[in-house]
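Peer 1: Predicted coordinates and the sequence they were generated for:
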Amino acid sequence: MSSSALPEFRRFRPLRSSVDVRSSNAETQLDGSEFVYPMFVINGVNRREPVPSMPGVARMSSDEAMREAETAMLADVNRFLFFGIPDEKDATGTRAWSPIEAVQRTVAEFRAQLPEAKTITDVCMCEYTDHGHCGQLTASGEVDNDATLDLLAQTAVSHADAGAHVVAPSAMMDGQVSAIRAALDDAGHESVKILGYSAKYASAFYGPFRDAADSAPSFGDRRTYQMAPSQHEEAMQEIEADIAEGADFIMVKPALSYLDVIASASSRFRDYPLYAYNVSGEYSMIHAAASKGWIDLENTVLEVLLSIKRAGADAIISYFAIDAARWIKGIR
Ligand code: PBG
């Protein structure tokens, strides 16, 4: 059949060959400076404990974390989110606000030695409590929302005292952002910003993280304080509430199963930088499939990160941050 016999149609194919995930004429592009690299920090020096369910991720002492950050910064990743894992846990998670715990020390060392690095701290009790819940419990074993607010506020202030630029409350206690804002201001930390884990779902994708942080709840689950995956409008209300309480930045977590929530949040809350958390399970499942040769690691990771950005995220928190930033820059 000659082409003159064909009806009129648009030819897209000539354009395609030049657009891949890294090309400069792509509509959406990725850059290491938009990534946040999460790190699990522990006490001591020269300690590195690989997390079995997260290939390439390790719990690290502050000196090791600093070395990893230097590598990250060569690829333009300069924002770091710290989770602390204490040597001992107790019912109220008292180590969370100790000035000599891993997060506080690591933040102080980063501020002194890596002035270009931005330090963000996770503020939650689950890594510090022996029962693994995100707050203090009542006598009947429920998480006590209001009693937990004080603990979170104290923890956030201790992070700010150590020099944190941003504190990120992830406990999903109602009122946590306003409690933390008030405590920070009282302590003279008016310039410390708050990244709310505003819309945080009760997700099956947190499994490997709980392994890394040794924070799986010893009984029950987190469904009384984290959101049900079916809820979209509630996510918008959670974000609105965080903004009303004084959050500077907002978040949707996890990212991949919630791209619609990211898209809605980015169009509804244009004035607030939107973070998306590409969580542990999203990381580990790609690694697992890639290690079997079923998918290609690099291309899959870049496609996933691109999708999160295309949905509307301004910043992406990902355990892939360093690898992805290096691939984008062509560092091998
Ligand atoms: C703490 C917290 C969790 C994650 C971030 N902060 C775990 C949880 O809620 O159980 C998960 C992050 C990840 O899976 O990478 N509350």
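Peer 2: Looks like it arrived, so ask away.

Peer 1: Just give me how far stretch 275-293 sits from the chain centre.
Peer 2: Averaged C-alpha coordinates place stretch 275-293 at 14 Å from its chain's average position (C-alpha atoms, centre = their mean, to the nearest Å).

Peer 1: One more: stretch 206-219?
Peer 2: Between the mean C-alpha position of stretch 206-219 and that of its chain there is a distance of 15 Å (C-alpha atoms, centre = their mean).

Peer 1: Over to stretch 37-53?
Peer 2: 16 Å.

Peer 1: Show me what counts as buried in it.
Peer 2: Under the neighbour-count criterion of 16 or more other C-beta atoms under 10 Å, stretch 37-53 has 37, 38, 39, 40, 41, 42, 43, 47, 51, 53 buried. Every C-beta, even on glycine, is put in place using the N, C-alpha and C of the backbone.

Peer 1: could you list every residue that touches the last one?
Peer 2: Listed by C-beta atoms under 8 Å, 6 or more residues apart in numbering, the contact set of residue 53 reads 207, 208, 211, 212, 280, 284.

Peer 1: Quick one: list the elements packing against the one helix or strand residue 326 maps to.
Peer 2: With the criterion set as DSSP states H and E, the secondary-structure element containing residue 326 is helix 321-329. For helix 321-329, the contact count by 3 or more C-beta pairs under 8 Å, 6 or more residues apart in numbering; DSSP states H and E identifies strand 35-41, helix 62-74, helix 297-311 as packing neighbours.

Peer 1: Please work out which residue of the stretch 101-250 of the chain is closest to the ligand.
Peer 2: Residue nearest to the ligand within the stretch 101-250 of the chain (C-beta to the nearest ligand atom): residue 209, separated by 3.2 Å.

Peer 1: wait, is that residue part of a helix?
Peer 2: Yes - looking at residue 209 with DSSP: H, G, I helix; E, B strand; the rest coil, it is inside a helix.

Peer 1: Residue 108 versus that one, what's the distance?
Peer 2: Computed as C-beta to C-beta, to the nearest Å, the residue 209 to residue 108 distance reads 25 Å.

Peer 1: More neighbours: which of these two?
Peer 2: In this comparison of residue 209 against residue 108, neighbours counted by other C-beta atoms under 10 Å, the higher total goes to residue 209 at 26 against 18.

Peer 1: Which of the contacts of residue 53 sits closest to residue 194?
Peer 2: Using C-beta to C-beta, the shortest approach to residue 194 within these belongs to residue 280, at 23.0 Å.

Peer 1: Backbone dihedrals for the residue nearest to residue 256 when sequence neighbours are not counted, please?
Peer 2: Residue nearest to residue 256 in three dimensions, not counting chain neighbours: residue 282, with 5.1 Å by C-beta to C-beta, 6 or more residues apart in numbering. Main-chain torsions, residue 282, degrees, to the nearest 10: phi -70, psi -30.

Peer 1: now do residue 114
Peer 2: phi -130, psi 70.

Peer 1: list the contacts for it?
Peer 2: With contact taken as C-beta under 8 Å, 6+ apart, residue 114 is in contact with 66, 69, 70, 73.

Peer 1: about what we covered before: from the contacts of residue 53, pick the one nearest residue 161.
Peer 2: Distance to residue 161 across those (C-beta to C-beta) is lowest for residue 212, with 25.7 Å.

Peer 1: What are the boundaries of the strands in the stretch 51-200 of the chain?
Peer 2: Using DSSP state E, counting those that start in this stretch, the strands found in the stretch 51-200 of the chain span residues 58-60, 79-84, 118-123, 166-169, 193-194, 199-200.

Peer 1: Give me the distance between the fifth one and the centre of its chain.
Peer 2: I take that to be strand 193-194. For strand 193-194 - counting by C-alpha atoms, centre = their mean - the centre lies 14 Å from the chain centre.

Peer 1: Determine the set of other helices and strands touching that strand.
Peer 2: Under the contact rule (3+ C-beta pairs under 8 Å, 6+ apart), strand 193-194 is packed against strand 166-169, helix 176-186.

Peer 1: Same check on the second one?
Peer 2: Packing contacts for strand 79-84, counted by 3+ C-beta pairs under 8 Å, 6+ apart, involve strand 35-41, helix 62-74, helix 102-113, strand 118-123.

Peer 1: Tell me the buried residues in the last one?
Peer 2: In terms of neighbour count (16+ other C-beta under 10 Å), strand 118-123 has its buried residues at 119, 120, 121, 122, 123.
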